[in-house]
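Student: no sequence on hand, only this structure:
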């Protein structure tokens, strides 16, 4: 059985960890969002790819949901002494990943090959593919102008109003090697409970992705990142509003309708079933809050059986 | 009073620390060796400039003689997990200096300006100038081929035979802004007890340096890095031999004779006085082993009074 998952960062990590442990055994390919990628201190940082990679390597900091467990921040402190920006928290162990990646990219290695090598070194069995080897950058328009996603999310702590979102570079980007095949040949395509606008949105903005998903629509199953009228975590609500989407599982279904077969929603949202059906999306009710490892695996098993 | 010092790394740090504390008050300019500079993990590392800078900022690790006191090596460990080279010990706090420098150089800032900014941020009162903003790289020929200085010194622990030494790029390099003026206008030029071949040698290889020193010869005072028949620290003996110089204060005087006024040698080397005089170098006997802070200052006071 071949499973391909579309993933952001923190929201996706739990379900992916569940999938990696769930039965039946399957080949897992993850298509990761790189719209969040940024340059910090001259280093190429890929926050979503790393969150997924660390989660599957058993190294993710469980409390924070990003970075390496038990990391220290001594270099960051010293950068502060030098007057450098310190709003983006790069841990000392985490830094190695960015140093390694930056040097390899500088040598001309594509991001997909660097990611594969990092996964191999960290013992990640799943295949993690960046959505594209070309730069696609999510930008957020606020009343004070355009911000990169990390400026908006980390520096401003998502506390500014969002007027618009764009995926700079998307039109000229191509899917990374293996991405379209992974969708085409999958027995199941899982869309993780990630932010539809800034995690899944950039993946869909890569030319060819939406068409590839539409072609296998009946095999595409998403988990709603929205329960009731709010995101399980992060600023998905504000960003969906900025895009004119209702902040509800119906808004998720509306965003994904052209290519989504099934949407797994929380049992508490059972009243939305008729609206999903009107959008042509098959609803499945489940306990979707992954509050511990058992629930991660249980939800993953349900997806594999879907 | 204006004092200009030519400096390598560990050997120079003690005397410079002494000079910074010694009376009479004076303006101290340090011309640092960049022949040791190297690229590690894609970062531009300037070991000698940093050793001097950390020493004068009160941050140098006293036990090791390089790096930042109380540093940790978590990033280095993680780089090892990724299969990267780990023979060059970059500490977590130390890393900030290299990240800062590499980004600034990448933005087109000359090394001299980056160094000035780092010193300002770390509260170093003395002016540290790299000998040149152009790349000059000390290379060491061994029976197995040419090595960079750091490969020879750190990776091979100076345990390979040296057949030759060269300063790649020196012929095309220019002194950094302020370097020649600092020599010309100094009331005293101090040559630190650094390795004559791989610390002072690269500085002298920059076109114009030896002439500038020769023009103020009577004001140039060096401290011998050799006591008896051996270097106080490091591989100076082996490297002097490779250059055909006797491993003694006389060898130091011979290397520096064209522009050296005075050589401070250890009292235990009093028998070499006639040979130094024959080379036209004025000998001064002193206790030159700087085994504690008081001796650093005492030797510095002696230089200022010379």
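Tutor: Sure thing, it's come through. These numbers were taken from a predicted model, which means no experiment stands behind them.

Student: my read: residue A:187 touches residue A:3, true?
Tutor: Yes: applying C-beta atoms under 8 Å as the test, residue A:187 and residue A:3 come out as touching, 6.8 Å apart. In short, each C-beta sits where N, CA and C put it, glycine included.

Student: ok, and what's touching stretch A:178-185?
Tutor: By C-beta atoms under 8 Å, 6 or more residues apart in numbering or on different chains, the residues outside stretch A:178-185 that reach it are A:2, A:4, A:29, A:31, A:112, A:127, A:129, A:131-132, A:189, A:206, A:208-209, A:212-213, A:215-216.

Student: ok, now with 7 Å
Tutor: Outside stretch A:178-185, the residues within contact range by C-beta atoms under 7 Å, 6 or more residues apart in numbering or on different chains are A:2, A:4, A:29, A:31, A:129, A:131, A:189, A:208, A:212, A:213, A:216.

Student: who's in contact with the first one?
Tutor: Contacts here follow C-beta under 7 Å, 6+ apart; on that basis residue A:2 touches A:26, A:27, A:185, A:186, A:187.

Student: next one: residue A:106
Tutor: Residue A:106 touches residue B:42, counting by C-beta under 7 Å, 6+ apart.

Student: would you list every one of the helices in the stretch 51-200 of chain A?
Tutor: For the stretch 51-200 of chain A, applying DSSP state H, counting those that start in this stretch gives helices covering A:74-81, A:92-106, A:111-122, A:149-150, A:179-184, A:200-205.

Student: deepest of those helices, which one?
Tutor: helix A:200-205 (a mean of 26; mean count of other C-beta atoms under 10 Å in any protein chain shown).

Student: residue B:66 is nearest to which of the helices of the stretch 51-200 of chain A?
Tutor: Closest to residue B:66 of those, according to C-beta to C-beta: helix A:74-81, at 15.8 Å.

Student: just list what the closest one packs against, helices and strands only.
Tutor: Using 3 or more C-beta pairs under 7 Å, 6 or more residues apart in numbering or on different chains; DSSP states H and E, the elements in contact with helix A:74-81 are helix A:92-106, helix B:92-106.

Student: how about those helices in CSV, adding mean pLDDT?
Tutor: CSV is the format used below for those (pLDDT from 0 to 100):
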stretch, mean pLDDT
helix A:92-106, 98
helix B:92-106, 98
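
Student: buried among the contacts of residue A:2? Need that as a selection in PyMOL.
Tutor: Buried residues within the contacts of residue A:2, by 16 or more other C-beta atoms under 10 Å in any protein chain shown, are selected in PyMOL with:
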select buried, chain A and resi 26+186
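
Student: burial count for residue A:107?
Tutor: 9 (other C-beta atoms under 10 Å in any protein chain shown).

Student: what pLDDT does it get?
Tutor: Each residue has a pLDDT score; the one for residue A:107 is 97.

Student: tell me how far it lies from chain B.
Tutor: According to C-beta to the nearest C-beta, to the nearest Å, residue A:107 and chain B sit 9 Å apart.

Student: same deal with residue A:302?
Tutor: For residue A:302, the distance to chain B (C-beta to the nearest C-beta) stands at 35 Å.

Student: give me the neighbour count for the closest residue to that residue other than its chain neighbours.
Tutor: Spatially, and ignoring its direct neighbours in sequence, residue A:302 is nearest to residue A:286 (5.5 Å; C-beta to C-beta, 6 or more residues apart in numbering or on different chains). For residue A:286, the neighbour count with other C-beta under 10 Å is 17.

Student: surely residue A:286 meets residue A:298?
Tutor: No: counting by C-beta atoms under 7 Å, no contact exists between residue A:286 and residue A:298, whose distance comes to 8.4 Å.

Student: who's in contact with residue A:206?
Tutor: With contact taken as C-beta under 7 Å, 6+ apart, residue A:206 is in contact with A:131, A:132, A:136, A:170, A:173, A:175.

Student: got the phi and psi for the fifth one?
Tutor: Backbone geometry at residue A:173, expressed as degrees, to the nearest 10, gives phi -90, psi 160.

Student: so it sits against residue A:132, correct?
Tutor: Yes: under the criterion of C-beta under 7 Å, residue A:173 makes contact with residue A:132 at 4.4 Å.

Student: out of those two, which sits in the more crowded spot?
Tutor: The neighbour count for residue A:173 versus residue A:132, taken as other C-beta under 10 Å, is higher for residue A:132 (28 against 22).

Student: which stretches of chain A have low pLDDT?
Tutor: Along chain A, segments meeting pLDDT under 70 are nowhere present.

Student: what residues does it have near chain B?
Tutor: Listed as neighbours of chain B in chain A under the rule C-beta under 7 Å from any C-beta of the partner chain: A:41-42, A:72, A:74-75, A:78-79, A:81-84, A:92-93, A:95-96, A:99-100, A:102-103, A:106, A:118, A:121.

Student: how about the nearest residue to residue A:173, chain neighbours excluded?
Tutor: In space, residue A:173 is closest to residue A:134, 3.9 Å off (C-beta to C-beta, 6+ apart).

Student: look up how far chain B lies from the one you found.
Tutor: On the measure of C-beta to the nearest C-beta, residue A:134 and chain B end up 21 Å apart.

Student: how about residue A:213?
Tutor: On the measure of C-beta to the nearest C-beta, residue A:213 and chain B end up 33 Å apart.

Student: so that residue makes contact with residue A:259?
Tutor: Yes: counting by C-beta under 7 Å, residue A:259 is a contact partner of residue A:213 at 3.7 Å.

Student: tell me, how many residues neighbour the nearest residue to residue A:99 once chain neighbours are set aside?
Tutor: Nearest residue to residue A:99 in three dimensions, chain neighbours excluded: residue B:41, at 4.7 Å (C-beta to C-beta, 6+ apart). Number of residues near residue B:41 (other C-beta under 10 Å) recorded here: 24.

Student: residues contacting residue B:41?
Tutor: With C-beta under 7 Å, 6+ apart, residue B:41 has these contacts: A:99, A:103, B:79, B:84.

Student: how about 10 Å then?
Tutor: Applying C-beta atoms under 10 Å, 6 or more residues apart in numbering or on different chains to residue B:41 gives the contacts A:95-96, A:99-100, A:102-103, B:75-76, B:79, B:82, B:84-86, B:88, B:90, B:95, B:98-99, B:102.

Student: what do you get for residue A:230?
Tutor: A:236, A:237, A:247, A:248.

Student: where's it relative to chain B, distance?
Tutor: Taking C-beta to the nearest C-beta, one finds residue A:230 at 36 Å from chain B.

Student: do you know how far the closest residue to residue A:192 other than its chain neighbours is from residue A:28?
Tutor: Once flanking residues are discounted, residue A:192 sits nearest to residue A:12: 3.5 Å by C-beta to C-beta, 6+ apart. In this view, residue A:12 and residue A:28 are 12 Å apart by C-beta to C-beta, to the nearest Å.

Student: right, I'll call it a day here.
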